[in-house]
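In: return atomic coordinates for the entry below.
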Amino acid sequence: MTPASERLAELIAELEKTRDFTEFAPRIAEYGPVAMDQLIPILVAGESEIAKAPPAWMFKHFGPEAVEPLIAALRAGHPEKLNARFRYALAELDIADRAAMFLPLFADELAAVREAAVSALSDHGEVVQQHAEAILAMMSDPDGNVRIAAYNTLGSAGEDIVPFLLRARRTADKVARPELRELLLGLVGYQGLDARDQVAIRRFLEVAALGEEPSPMHMCGGWLALPTDDQDRVLRALDLSDPITVPMSMGAEAWNRDHHDWYSHNSCRRTYLTPAVDGWTLAFGTPPEVDHAEDSKPETMFALVQEKCRRLSTEFGEAHWYGTSCGDGWTSWCIARAGEIVRFYDAFEPETQIGDPLPEEEGYGGAYAEAVAGLLSVNPAKLGPDNTVRGRGVLALTSCGRERGMPTGALHLDHGH
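Out: Here you go, the predicted structure:
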């Protein structure tokens, strides 16, 4: 072992002992190819701190000299878990001209190398835009992992790549076109698609919604129940617009995704209205006035919910709001009839209850909103073939959605479709 190699081994040992990547990783990287000769076996062994740490901690300090050793490691036939570490390491390298380094590898005979080369351009927006055609071509690669890498790399350029994607939707081959539509949905949503795609999606969803059998929903969040089958009337009463017909399974997916999405205002941009189920229309989504409230104190939320139920009950005779959580024991409900709150209960704030327990609450300890809903209106967690369904479900924009647009992201049909 040369003196340089010995000193390098000492630095690696110090790093293993101290786990101080800030101190030792740049010093190790100064040894260039010699360092790679020692690091690759360490990664392959998989037991050291270097092997367990995020690749960026070490390899962001290396440059083009690390490409050839990492590509050689990919060619060695290691398990996929290890190849993933090599790919991540390649993506972290400090390389000024990434296109010149990685584009030639798009034609490599080994799929693992092509995948790594495409992934190495991800999150470098200008490079992706300049070489979008070459990356697009990789979305037709015979290897599925390469296609996924190309999809993710194009998407990493964000909204700047949208004009290219809109053009490519009409010119790319048939393998790539559906993926490009999904990519556009993720970046700019339904409203960002061109008119032809919007019409095609509407027609597809209208057909998919025909004759759909209801199925149980995953319950987490709040919903309204109104005793009417007049969907247009509900849209007006809730200040909703631009309804798009969707299968019930897709509406349920949208509600769950929006409710669990921390992105700004995603929970209050749209509402899922069910078809009439046993004479009730259910509305899933956070009202903008609740999401935009000045504070999130329980009393503020309760007042907003109660006021909405009072108002809606004057129009529909009665209005119910239910809430439940999939993460803890929270549950709540508000029942209004003819403009009056006849019952309000919240499991976490029982002192705020209004009215005596309803007969339908007996046996549930005042702590199971879905069961109470099933006795007073409809239990969404128990939907099935025994429910009578009239009409079709829709996703509609709230006032917040009209201002900010519908949440982005593709929604999917369940396996029944």
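
In: what are the contacting residues of the lengthiest helix in the chain?
Out: Looking across the chain with DSSP state H, the single longest helix is helix 298-316. If you take Cβ atoms under 8 Å, 6 or more residues apart in numbering as the criterion, helix 298-316 is touched by 222, 224, 226-228, 233, 237, 287, 289-290, 293-294, 319-321, 334-341, 344, 346, 348-349, 352, 354. (C-beta placed from N, C-alpha, C; glycine too.)

In: looking at these, which are in strands?
Out: 222, 224, 226, 319-321, 334-337, 340-341, 344, 346 (DSSP state E).

In: got CSV for those, with pLDDT and neighbour count too?
Out: Below are the ones in strands among the contacts of helix 298-316 laid out as CSV (pLDDT from 0 to 100; neighbours: other Cβ atoms under 10 Å):
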residue, pLDDT, neighbour count
222, 93, 23
224, 97, 27
226, 98, 27
319, 97, 26
320, 97, 26
321, 97, 23
334, 96, 25
335, 96, 25
336, 97, 26
337, 96, 17
340, 97, 14
341, 97, 18
344, 95, 20
346, 92, 20
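
In: just put the residues you listed in CSV and tack on distance to residue 157.
Out: CSV is the format used below for those (distance: Cβ to Cβ, whole Å):
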residue, distance to residue 157
222, 37
224, 40
226, 44
319, 46
320, 46
321, 42
334, 46
335, 50
336, 49
337, 54
340, 55
341, 51
344, 49
346, 46
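
In: return the member of these nearest to residue 66.
Out: Closest approach between the ones in strands among the contacts of helix 298-316 and residue 66, by Cβ to Cβ: residue 222, at 52.0 Å.

In: okay, and for this protein, where does confidence drop off?
Out: Applying pLDDT under 70 to the chain picks out residues 1, 262-263, 362-367, 413-417.

In: tell me where it has strands.
Out: Counting by DSSP E, the strands of the chain are 221-226, 241-246, 270-273, 276-277, 281-284, 318-324, 331-337, 340-346, 389-390, 393-397.

In: which residues touch the second one?
Out: Contacting residues not belonging to strand 241-246 are listed as 190, 202, 205-206, 209, 231, 235, 254, 272-273, 392-397, 401-402, 411 [Cβ under 8 Å, 6+ apart].

In: how about a cut-off of 6 Å?
Out: 205, 206, 209, 392, 393, 394, 395, 396, 397 (Cβ atoms under 6 Å, 6 or more residues apart in numbering).

In: so which bits of that strand are buried?
Out: For strand 241-246, a neighbour-count test (16 or more other Cβ atoms under 10 Å) marks 243, 244, 245, 246 as buried.

In: and those residues, which is closest to residue 112?
Out: Nearest to residue 112 among those: residue 246, at 39.2 Å, using Cβ to Cβ.

In: what about dumping the CA coordinates of stretch 283-294 to CSV?
Out: Taking Å, rounded to 0.1, in the frame of the first residue of the first chain, the C-alpha atoms of stretch 283-294 are listed here in CSV:
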residue,chain,number,x,y,z
ALA,A,283,-70.2,15.9,0.6
PHE,A,284,-66.6,15.1,1.5
GLY,A,285,-64.0,17.9,1.8
THR,A,286,-62.9,20.7,4.1
PRO,A,287,-65.0,23.9,3.5
PRO,A,288,-62.8,26.9,2.7
GLU,A,289,-64.2,28.9,5.6
VAL,A,290,-62.9,26.2,8.0
ASP,A,291,-59.5,25.8,6.4
HIS,A,292,-59.1,29.6,6.1
ALA,A,293,-60.2,30.4,9.7
GLU,A,294,-58.0,32.8,11.6
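
In: please tell me how far the closest residue to residue 119 other than its chain neighbours sits from residue 139.
Out: Sequence neighbours aside, residue 149 is the residue nearest to residue 119 in space, at 4.7 Å (criterion: Cβ to Cβ, 6 or more residues apart in numbering). Using Cβ to Cβ, to the nearest Å, residue 149 is found at 9 Å from residue 139.

In: now do residue 304
Out: Residue 304 is 46 Å from residue 139, where distance means Cβ to Cβ.

In: show me which of those two is the more surrounded one.
Out: For residue 304 versus residue 139, neighbours defined as other Cβ atoms under 10 Å are more numerous around residue 139 (24 against 14).

In: and the helices in the stretch 151-300 of the chain, which stretches?
Out: Here the stretch 151-300 of the chain has its helices, by DSSP state H, counting those that start in this stretch, at 162-171, 177-188, 195-208, 231-237, 248-259, 288-291, 298-316.

In: can you put the ones you listed in TSV and add distance to residue 388?
Out: Below are those laid out as TSV (distance: least, Cβ to Cβ, whole Å):
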stretch	distance to residue 388
helix 162-171	40
helix 177-188	33
helix 195-208	20
helix 231-237	15
helix 248-259	13
helix 288-291	31
helix 298-316	19
